[in-house]
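Novice: What follows is a predicted structure for the sequence shown.
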Amino acid sequence: MRRSEEEFKQVVNIEGSANMTMHDADYLPSIEVTDPIVPVSSQPKVHKLEEGNVPPYRAIFLIANAALGAGLLNFPEAYKKAGGLQTAITIQLVLLCFIIGAFLIIARACNRYQAPTYQELILGILGPKFFWPLQIIIAIYFFGTAITYMIIIGDQLSPFFQFVTGESGKWYTNKKVLYTIFSLLFLLPLCLPRRLKLLSYTSFFGGIGAFFITFIIIYKHFYGGYSNHGPDEYTEVKSDWKSCLGVVPVICFGFQCHVSSVAVYAELKNRSTKRFFICACFAMLVCVLTYSLCGAFGFMTFGRKTKADILQNYDDDDTLVNVARLAVVFILLSSFAIITFCARTVIDDIVVKIRKYNEHDQIRTERRRRVIETLLWFAFSLLLALVVPDIGAAISMIGGLAAFFIFVFPGFCLLKTINLDKIRLTKKDWALVVVAIMYIAVGIFIFGETTTLAIQTDLKPRTIL
């Protein structure tokens, strides 16, 4: 419904124009009227971000590193679930169109609202009524991701130390002991800094590590002596629609770096919509190349025997594979620290809201809050990692949540940018409405379906026949 003439005067608020009519206002293109969809009192606040200091090439690896890690190792099994390369790659390409499109929506919104974090961006556009649902979803997602990363660290360090020491079954080769010690010595210090600048350096080497792991998987397919199976082992596997849907959370989890990308935008040097979107596209290119090659050659090597962590398929005494395991751990140094940074901003928002801190209190207690929040987050992640069986179980549960960040919230943001109060919508407006509804519908479907399947799969072994 269009605003009344009196309401319009209040919104435009031009001195000396109290007698302006609606007709007159149509000829003022230089006046920027606030979003007609949102009431004036709840218009999003536009922040003024500090000048960024992270160059584009490091920003690319910061964004990519937030996605690389668990997804890289789980893609071969996802290809197996899909029934083979053709089906898996088709699903991946379709979802990739939405994933890249979401970055364009986020890039435009970031440039407009200058929000330093993903949750502030979404809350600024959609309003404070989304505060608790958004914070809870982000916290749960990153908590599950942190647990997954710790499991992977243990899965890689255990065979590596068995290879180095030549012994197994000792306390110092136990994966839970190893990831606890490693996390305290290396992960925790990287999680404490206030800004992402330090992580931009380690992320570059993490990206190199991802390409190295992919190279090892390709090399071992041709020269490793692992591909001596019969033709039925690695040809197209029969799969039903439920198994194909099981691929979706892996892809969503593997490419979900949208939340952390907003924090990267806030620290990007000479930031702009175009520059940020180009960085995001190159980050996706890094992910697509490593995921696709790793998934394809890992699946072709082991076929139906492909495990949730592809490196567990290889011999524990394989030298190159053990170097690859060490590379995975190095990648996760940056990945874990980046998701902890994003999770900490969510926790801090909740603490500030509950404690009702004013701006002075926020500045005064910032360091203390940051340290305490990081330590508590770290401790709970370590404890929960002890009870999760493997990364496949973790990814299937949290992969559906990634759909909210890739599809649902960007869809709502796109819908909010369309002036639905106009008397007649243009073809472009209708096209954007359709695209926004598609994003929201696809995201809700993916979340509901994959979460249901994950729960059914998790409960299946407990069923008494």
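Specialist: Everything's here; your move. This structure is a prediction, so every number in the text was calculated from the model and none was measured. Numbering: from 1, shown residues only.

Novice: What are the buried residues along stretch 432-445?
Specialist: Using 16 or more other Cβ atoms under 10 Å as the test for burial, stretch 432-445 gives 432, 435, 436, 439, 440, 442, 443. (Glycine included, C-beta is placed from N, CA and C.)

Novice: How about residues contacting that stretch?
Specialist: For stretch 432-445, contacts defined as Cβ atoms under 8 Å, 6 or more residues apart in numbering pick out 98, 101-102, 403-404, 406-408, 410-412, 414-415, 417-418, 420, 425.

Novice: State the mean pLDDT of that stretch.
Specialist: Mean pLDDT, stretch 432-445: 93.

Novice: again with stretch 124-143
Specialist: For stretch 124-143, the mean pLDDT works out to 86.

Novice: where does it sit relative to the chain's centre, distance-wise?
Specialist: 14 Å (Cα atoms, centre = their mean, to the nearest Å).

Novice: re earlier: need the buried residues of stretch 432-445 in TSV (columns: secondary structure and distance to residue 200).
Specialist: Below are the buried residues of stretch 432-445 laid out as TSV (DSSP: H, G, I helix; E, B strand; the rest coil; distance: Cβ to Cβ, whole Å):
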residue	secondary structure	distance to residue 200
432	helix	34
435	helix	33
436	helix	33
439	helix	30
440	helix	33
442	helix	32
443	helix	30
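
Novice: farthest pair in those?
Specialist: 432 and 443 (16.5 Å; Cβ to Cβ).

Novice: Name the residues of stretch 83-90 that are buried.
Specialist: In stretch 83-90, counting by 16+ other Cβ under 10 Å, buried: 83, 84, 85, 87, 88, 89.

Novice: What residues does residue 343 make contact with?
Specialist: 138, 139, 142, 143, 146, 377.

Novice: at 10 Å what do you get?
Specialist: Shown in contact with residue 343 (Cβ atoms under 10 Å, 6 or more residues apart in numbering): 138-143, 145-146, 191, 259-260, 373-374, 377, 381.

Novice: Show me which of those is closest to residue 168.
Specialist: Set against residue 168, the nearest of the contacts of residue 343 by Cβ to Cβ is residue 381 (26.5 Å).

Novice: That closest one: how many residues sit nearby?
Specialist: Neighbour count for residue 381, taken as other Cβ atoms under 10 Å: 23.

Novice: that's a strand at it, yeah?
Specialist: No. Using DSSP: H, G, I helix; E, B strand; the rest coil, the secondary structure at residue 381 is helix, not a strand.

Novice: element containing the residue nearest to residue 401 when sequence neighbours are not counted?
Specialist: Distances taken as Cβ to Cβ, 6 or more residues apart in numbering put residue 141 closest to residue 401, at 4.3 Å, once the chain neighbours are dropped. Secondary structure assignment for residue 141, by DSSP states H and E: helix 131-165.

Novice: so residue 327 is in which element?
Specialist: Going by DSSP H and E, residue 327 is part of helix 319-355.

Novice: okay, the angle between that helix and helix 131-165?
Specialist: Orientation check (axes from the mean of the first three to the mean of the last three Cα atoms, to 10 degrees): helix 319-355 against helix 131-165 gives 150 degrees.

Novice: Flag every buried residue along stretch 126-139.
Specialist: The neighbour-count check on stretch 126-139 (16+ other Cβ under 10 Å) flags 126, 130, 131, 134, 135, 137, 138, 139 as buried.

Novice: helix/strand/coil for the residue lying closest to the third one once chain neighbours are set aside?
Specialist: In other words, residue 131. Excluding the flanking residues, the one nearest residue 131 by Cβ to Cβ, 6+ apart is residue 123, at 5.9 Å. Secondary structure state of residue 123, per three-state DSSP, is helix.

Novice: What's the local residue count around residue 123?
Specialist: Residue 123: 20 surrounding residues under other Cβ under 10 Å.

Novice: repeat for residue 155
Specialist: Residues near residue 155, counting by other Cβ under 10 Å: 23.

Novice: which residues sit in contact with it?
Specialist: 73, 175, 178-179, 308-309, 311-312, 325, 328-329, 390-391.

Novice: I'd like to know the average pLDDT value across the helix or strand where residue 94 lies.
Specialist: Here residue 94, judged by DSSP H and E, is contained in helix 85-113. On average, the pLDDT along helix 85-113 is 90.

Novice: Tell me the pLDDT of the nearest residue to residue 309 once chain neighbours are set aside.
Specialist: Spatial nearest neighbour of residue 309, chain neighbours left out: residue 73 (4.8 Å); criterion: Cβ to Cβ, 6+ apart. You'll see residue 73 listed with a pLDDT of 87.

Novice: any idea how far residue 73 is from residue 140?
Specialist: 22 Å (Cβ to Cβ, to the nearest Å).

Novice: who has more neighbours, these two?
Specialist: The residue with more neighbours, out of residue 73 and residue 140, is residue 73; 30 against 15, by other Cβ under 10 Å.

Novice: Residue 387 contacts residue 147, doesn't it?
Specialist: Yes. With contact defined as Cβ atoms under 10 Å, residue 387 reaches residue 147; the gap is 9.1 Å.
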